[in-house]
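Asks: structure for this input, please:
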Amino acid sequence: MQSTRKLRSNEAALLLAFVLLLALVALIYAQKNIGFAVAIGIWGLLVVVNVPISLAEFLKTKNPGFLYAFLFQICAGIFAAHIVLTYYVMDPWLLMVYILCLLGFGSMGLYYNFSRRSKWRYREVLELAAQPVREVTDGFTRRPKPIGKIDANREEIENFARYLLQHLVAIPYFEADRTVFSLAMTLRHRTGFRSDYEDFSHVLFYHDGRVAAHLSQNDYLKYREQYAYDQLCDALGRLFIEFYQYHRNGESVRIMDRLNELKLNPLADFGENAA
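Replies: The predicted model follows:
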């Protein structure tokens, strides 16, 4: 699938890998030159910083991967604090409990991460939407493009929306006459502290069955070529209609199969929509 990728590479993901490498080097340096307790304390601090984010993402999405990350981070923070405050003095049984918790929660968190179960699917959606588009033209517009109409009611659409949220495909917003599937995945959107979507890519499912789609200028410029904007909007809307049909027919697993077939790096979305 690498040769068919239509999005530009995400340089922020490379920056994250570099930062993680620097953090590892800093921990090794601290362990050798300052002491094991200090190194553990630095590690615990780096992990605990992410606790509010993991908790907020779990509460918003109910995705188990964020719960495992939260439990690991809490356990790591308590363990690190214990090491620093007591300077290695710890009951062997308590140490075993810490180790088991860290290994258990850490293993599950890594499983969800590297199996892409706790990966936001922003780039996969943009890639899949662009696959059928071949024409290269210019023509960005800010107005959502009507796509068509589906046989659906409000309850079915909202159940579908909750499924996409839990599986990190889109963030839904429930309005009086429609449900909005937003690709606005800034940190504040993902944690529930921001809810605007108009300037971000989104798909509209009206409760009378009408469907419309909008691709943001920021996302439009992420493609390697200036593909026909109307075709990209149409493909984005039809992709969500396809996903809806899978869900309605009890074949939701096919949604994840479509996304997973791209085999994107679990860190591929880092830094996207960072505003």
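Asks: every contact and neighbour count from this point should use C-alpha atoms.
Replies: Fine.
Asks: pick out the residue closest to the middle of the chain.
Replies: W120 (1.7 Å; CA atoms, centre = their mean).
Asks: L168 is in contact with that one, correct?
Replies: Yes. Using CA atoms under 8 Å, W120 is in contact with L168, at 4.7 Å.
Asks: moving C-terminal of the lowest-mean-pLDDT helix or strand in the chain, what's the next helix or strand?
Replies: In the chain, the helix or strand scored least confidently by mean pLDDT, DSSP states H and E is helix 11-33, which has a mean of 65. Counting by DSSP states H and E, the next helix or strand C-terminal to helix 11-33 is helix 36-48.
Asks: circling back to that earlier point, mind checking the SS state of the residue nearest to the centre of the chain?
Replies: Classification of W120 into helix, strand or coil gives coil, according to DSSP: H, G, I helix; E, B strand; the rest coil.
Asks: do G148 as well
Replies: strand.
Asks: give me the nearest residue to it, chain neighbours excluded.
Replies: V211 (5.5 Å; CA to CA, 6 or more residues apart in numbering).
Asks: check contacts around the one you found.
Replies: Contacts for V211 (CA atoms under 8 Å, 6 or more residues apart in numbering) come out as 146-150, 203-205, 237.
Asks: if we go to 10 Å?
Replies: Shown in contact with V211 (CA atoms under 10 Å, 6 or more residues apart in numbering): 144-150, 178-180, 203-205, 234, 237-238, 240-241.
Asks: hmm, back to that, hang on, the residue nearest to the centre of the chain packs against H189?
Replies: No. When contacts are counted by CA atoms under 10 Å, W120 is not listed as touching H189 (11.9 Å).
Asks: find the residue closest to F243 in space, skipping its chain neighbours.
Replies: Distances taken as CA to CA, 6+ apart place I255 nearest to F243, at 5.8 Å, with adjacent residues excluded.
Asks: that neighbour and N249, how far apart?
Replies: 12 Å (CA to CA, to the nearest Å).
Asks: out of the two, which sits in the more crowded spot?
Replies: I255 (20 against 8; other CA atoms under 10 Å).
Asks: how far does the host helix or strand of the more buried one sit from the chain's center?
Replies: For I255, the host element (DSSP H and E) is helix 253-260. Taking the mean of its C-alpha atoms, helix 253-260 sits 15 Å from the chain's own mean (CA atoms, centre = their mean, to the nearest Å).
Asks: got it, and stretch 235-253?
Replies: 19 Å.
Asks: heads up, I number from 3, so please use that
Replies: Yep, numbering from 3; the last one is stretch 237-255 now.
Asks: quick one: mean pLDDT over that stretch.
Replies: For stretch 237-255, the mean pLDDT works out to 96.
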